[in-house]
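Asker: take a look and give me a structure for this.
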Amino acid sequence: MNGGQALVATLLSHDLDAGFCLPGESYLEVLEALRLAKDRFRLINTRHESGASFAACAYGRLTGKPGIAFVTRGPGATNASIGVHTARQDSAPMVLFVGQVPVSELGREAFQEIDYRRMFGDLAKAVFEPTTASAVAADTAAALALAAEGRPGPVIVSLPEDVTEGEAGAVAIPSSNPRRAVMPGAVALDRAAAALKAAKAPLIIAGEQVGFEQASDALVQLAERLGAGVVVAFRRQGTMPTDHDAYLGHVGLALPPYQQALFKEVDVVLALGSRLDGATTLDFSLFRPDQTVIQVFPDAEVVARSGASIDLVGDVRPTVDALLSRLEGPPSNARLAWRAAHRGQAVAYLTPNPGDALGRVDMTAVMRVLGERLPADATITNDAGNFSTWVHRYLPFRHATSQAAPTCGAMGFSVAGAVGAAVARPGKTVVSMVGDGGFLMTGQELITAIEHDLPIKVIVYDNAAYGTIAMHQQRRFGPGHHHAIHMKSPDFAGAARAWGAFAATVEETAAFAPALEAALAHKGPALIHLKTDLRDLAASGLKLSA
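Answerer: Residues are numbered from 1 along each chain as shown. Model (predicted):
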């Protein structure tokens, strides 16, 4: 058994059966070992290394298992780094295997050499670089465990070429061990329970750990016991069903008026499984000094820098169980009335009410059609861009795997993420929602979906511009101060048909519903080119001024 074979044997011993790659000559022995194991491990070869890392990030986010990606050294690693950053800020478990120069050439600036410990030092949880074939299995197992331990995230394994080629001997292949649960201390739990009992207007912010632990049921139980309202952290839709009476919307980047009023009344915030990232907290300005903030998160370093009033360093599910044992129910009528009032305001804001579009395509009407026609168990991957404000505001999210979207705002995630989602959730409808700019970065991964029979559906929202930048330029400098934001869009539907997908072009609202029905009915990958109007800037009603 050589080093490459030991690596693949370790993946199989950890019940991992899928991964993504762009092949490279620096890890040929790994590819050969994967070929020999192709009946047990599905390898999806993408069109760009960013596609492989984005797909692995989405897979890890939706399954809770480390998403696996393989790329070659140097340029391959730099191309894949965007997915590493995305996995880091998403708290998504991922292991990126990167080819490396032979051990004897390390540190000599050999062909395509990069010091991955320095390159990925702050992006990844750790970088492993075995220097002997006999160490590959143990380092692979350690990387897989670390990716899911505590706060999940990306781990890098650098693979010197001669290490994967070398004889590993009679090496023992490690088996997987259950992830170690993190439990807060009793004193902190008592303080948190006391604060929640005394609260007049408690609010839960549901974050990434709720999804990772598949703990939405625990979140619902806690919200019902407390009579608390629930908002979901930035791009964490699905952690709380949007049709639940406690659901009060999605927070991130800017608060709509009803949420501004909500936060003025909240006296106790329970950040459940959220690291309280900048987007969720309005660049760390969301909370007032007189509010009690309780944070539940399994990473002590993250909790320490958040500045919460009460720190609960722990996983969501055992922490919720411990809090429930300390809380009496049912909630007071006053709390339920408070929550119901804000729920009414939330429903009014989140219900699509078409009619204010300046262009021929009304995005609010499009969201209403999607909400009515997509299967309840569908998964949506959405990209960065102003089009996503309609997605966040209006679409129903009914289960914990209903969304995968980059919290770091990386353009190009959606189509590649949909490839990963389709592998993670076979047989389920997966819809990629992407702007024209994002599609022009990684839209070629639709070809990957066609080749591997992954029936993703892609909706390209095309306003022929970088709309988010146009919005910021207008806010900063005033109307008419737009520069470097326009771009000539190609015939996206024509390109998709040339690649082998079903495609349709939609230029007015009424044509969207039949196009969607046709795309959903098509057994393979499909694309809808939806031509929108740049004047309709955001779901808030903001319009582009001349």
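
Asker: ends of stretch 284-303, how far apart?
Answerer: 14 Å (C-alpha to C-alpha, to the nearest Å).

Asker: who touches it?
Answerer: Around stretch 284-303, the neighbours that count as contacts under C-beta atoms under 8 Å, 6 or more residues apart in numbering are 150-151, 182, 184, 192, 195-196, 199, 207, 209, 251, 263, 266-276, 278, 280-281, 306-316, 319. Bear in mind the C-beta positions are built from the backbone N, C-alpha and C, glycine included.

Asker: how about a cut-off of 7 Å?
Answerer: 150-151, 182, 192, 195, 209, 263, 266-273, 275-276, 278, 306, 308-316, 319 (C-beta atoms under 7 Å, 6 or more residues apart in numbering).

Asker: give the buried residues for it.
Answerer: Taking 16 or more other C-beta atoms under 10 Å as the neighbour-count basis, stretch 284-303 is seen to contain the buried residues 286-287, 292-299, 302-303.

Asker: so among the contacts of stretch 284-303, which ones count as buried?
Answerer: Members of the contacts of stretch 284-303 that pass the buried threshold by neighbour count (16+ other C-beta under 10 Å) are listed as 150-151, 182, 192, 195, 209, 263, 266, 268-273, 275-276, 278, 306, 308-316, 319.

Asker: need the residues that contact the longest helix belonging to the chain.
Answerer: Ranked by residue count under DSSP state H, the longest helix found in the chain is helix 333-350. With contact meaning C-beta under 7 Å, 6+ apart, helix 333-350 is reached by 201, 227, 229, 245-249, 256, 258, 262, 393-394.

Asker: so which of those sit within strands?
Answerer: Restricting the contacts of helix 333-350 to those inside strands, with DSSP state E as the criterion, leaves 229, 247-249.

Asker: adding neighbour count and pLDDT, write these out as TSV.
Answerer: Rendered in TSV, the data for these read as follows (neighbours: other C-beta atoms under 10 Å; pLDDT from 0 to 100):
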residue	neighbour count	pLDDT
Gly229	27	98
Tyr247	23	98
Leu248	26	98
Gly249	26	96
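
Asker: that older thread, so which of the buried residues of stretch 284-303 comes closest to Lys523?
Answerer: Closest approach between the buried residues of stretch 284-303 and Lys523, by C-beta to C-beta: Pro298, at 41.3 Å.

Asker: which residue is the nearest non-sequential neighbour of that closest one?
Answerer: In space, Pro298 comes closest to Val182 once its chain neighbours are excluded; the distance is 4.1 Å by C-beta to C-beta, 6 or more residues apart in numbering.

Asker: state the distance from that neighbour to Ala194.
Answerer: As defined by C-beta to C-beta, to the nearest Å, Val182 lies at a distance of 22 Å from Ala194.

Asker: show me what the following helix or strand past the longest helix of the chain is packed up against.
Answerer: Stepping forward along the backbone from helix 333-350, the first helix or strand reached (DSSP states H and E) is helix 363-373. Of the remaining helices and strands, those touching helix 363-373 by 3 or more C-beta pairs under 7 Å, 6 or more residues apart in numbering; DSSP states H and E are helix 388-394, helix 512-521.

Asker: Gly427 is nearest to which of those?
Answerer: Distances from Gly427 to each of these were compared by C-beta to C-beta, and the smallest falls on helix 512-521, at 13.9 Å.

Asker: pretty sure His264 is in a strand, no?
Answerer: I think there's a mix-up here, since residue 264 is Lys and not His. No. Counting by DSSP: H, G, I helix; E, B strand; the rest coil, Lys264 falls outside a strand, being helix.

Asker: what's the neighbour count on it?
Answerer: Lys264 has 9 neighbours, counted by other C-beta atoms under 10 Å.

Asker: residue contacts, Leu22?
Answerer: Applying C-beta under 7 Å, 6+ apart, we find Leu22 in contact with 45-46, 48-49, 52, 71, 76.

Asker: please report phi then psi for it.
Answerer: Comment: the main-chain dihedrals of Leu22 come out as phi -120, psi 120, following degrees, to the nearest 10.

Asker: spatially nearest residue to it (excluding sequence neighbours)?
Answerer: Using C-beta to C-beta, 6+ apart and skipping the chain neighbours, the partner closest in space to Leu22 is Glu49 (4.9 Å).

Asker: next step: the buried ones among the contacts of stretch 284-303 restricted to helices.
Answerer: Where those overlap with helices, as defined by DSSP H, the overlap consists of 192, 195, 209, 263, 306, 316, 319.

Asker: pretty sure the first one sits against Gly314.
Answerer: Translated: Ala192. No. Taking contact to mean C-beta atoms under 7 Å, the distance of 10.4 Å between Ala192 and Gly314 leaves them out of contact.

Asker: just the buried residues of the contacts of Leu22.
Answerer: Among the contacts of Leu22, the ones that count as buried by 16+ other C-beta under 10 Å are 46, 48-49, 52, 71, 76.

Asker: tabulate these (CSV), appending secondary structure.
Answerer: CSV is the format used below for these (three-state DSSP):
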residue, secondary structure
Thr46, coil
His48, coil
Glu49, helix
Ala52, helix
Val71, strand
Gly76, helix
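
Asker: would you reformat these as a markdown table and include distance to Asp39 and pLDDT?
Answerer: Output for the buried ones among the contacts of Leu22, formatted as a markdown table (distance: C-beta to C-beta, whole Å; pLDDT from 0 to 100):
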| residue | distance to Asp39 | pLDDT |
| --- | --- | --- |
| Thr46 | 21 | 98 |
| His48 | 27 | 98 |
| Glu49 | 26 | 98 |
| Ala52 | 21 | 98 |
| Val71 | 24 | 98 |
| Gly76 | 27 | 96 |
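
Asker: now those residues as CSV including distance to Phe120?
Answerer: Shown next, in CSV, are the buried ones among the contacts of Leu22 (distance: C-beta to C-beta, whole Å):
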residue, distance to Phe120
Thr46, 20
His48, 19
Glu49, 14
Ala52, 15
Val71, 12
Gly76, 13
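
Asker: which of these lies closest to Arg236?
Answerer: Sorting those by how near they are to Arg236, with C-beta to C-beta, puts Ala52 at the top with 24.3 Å.

Asker: from Phe287, how far off is that closest one?
Answerer: Distance from Ala52 to Phe287, by C-beta to C-beta: 38 Å.

Asker: what pLDDT does Ala546 get?
Answerer: If you check Ala546, the pLDDT there is 67.

Asker: do Ala110 as well
Answerer: For Ala110, the model assigns a pLDDT of 81.

Asker: ok, Glu113 next?
Answerer: Glu113 carries a pLDDT score of 81 in this model.
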